[in-house]
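Visitor: below are the sequence and a predicted model for it; my questions follow.
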Amino acid sequence: MVRFDRCVVLTALVLPVGLANGGLPAGLQLVGPPFAEARRLTVGHALEAALALGLSRRIDPVQP
């Protein structure tokens, strides 16, 4: 299977959105056209502020 983003030139921004079942980290990926990074950063910042998830703690990758 070929990932869709390898067929075209897209850029992405990933925002952490908390933990899924089992404690695995989950994220939201914003994908868009090339040279639209400023807009994606603006949207990402707005989403981060609106969600206010308070994800400031670090996740220990060694601890199950």
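Guide: Thanks, I have it.
Visitor: SS state for the residue nearest to the spatial centre of the chain?
Guide: Geometric centre of the chain, nearest residue: residue 14, 1.9 Å, by Cα atoms, centre = their mean. Taken by DSSP: H, G, I helix; E, B strand; the rest coil, the conformation at residue 14 corresponds to strand.
Visitor: who's in contact with it?
Guide: Contacts for residue 14 (Cβ atoms under 8 Å, 6 or more residues apart in numbering) come out as 27-30. Just so you know, the C-beta spots here come from the backbone N, C-alpha and C atoms, and that holds for glycine as well.
Visitor: please convert those to CSV, extending it with distance to residue 19.
Guide: Shown next, in CSV, are those (distance: Cβ to Cβ, whole Å):
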residue, distance to residue 19
27, 11
28, 13
29, 17
30, 20
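Visitor: ok, the residues you listed vs residue 20, which is closest?
Guide: Nearest to residue 20 among the contacts of residue 14: residue 27, at 9.7 Å, using Cβ to Cβ.
Visitor: is it true that residue 26 touches residue 53?
Guide: No: using Cβ atoms under 8 Å, residue 26 makes no contact with residue 53, being 10.5 Å away.
Visitor: can you list the buried residues in the helix ranked longest in the chain?
Guide: Identified as the longest helix of the chain according to DSSP state H is helix 37-51. Neighbour-count burial for helix 37-51, counted by 16 or more other Cβ atoms under 10 Å, picks out residue 40.
Visitor: just the CA trace of it, in CSV.
Guide: Presented in CSV, the C-alpha positions along helix 37-51 are these (Å, rounded to 0.1, in the frame of the first residue of the first chain):
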residue,chain,number,x,y,z
GLU,A,37,2.5,26.3,6.1
ALA,A,38,1.6,29.7,7.6
ARG,A,39,-2.1,29.0,7.4
ARG,A,40,-1.7,25.5,8.8
LEU,A,41,0.3,26.9,11.7
THR,A,42,-2.4,29.5,12.3
VAL,A,43,-5.1,26.9,12.3
GLY,A,44,-3.1,24.6,14.5
HIS,A,45,-2.5,27.3,17.0
ALA,A,46,-6.2,28.2,17.1
LEU,A,47,-7.2,24.5,17.6
GLU,A,48,-4.6,24.1,20.3
ALA,A,49,-6.0,27.2,22.1
ALA,A,50,-9.6,26.1,21.6
LEU,A,51,-9.1,22.6,22.8
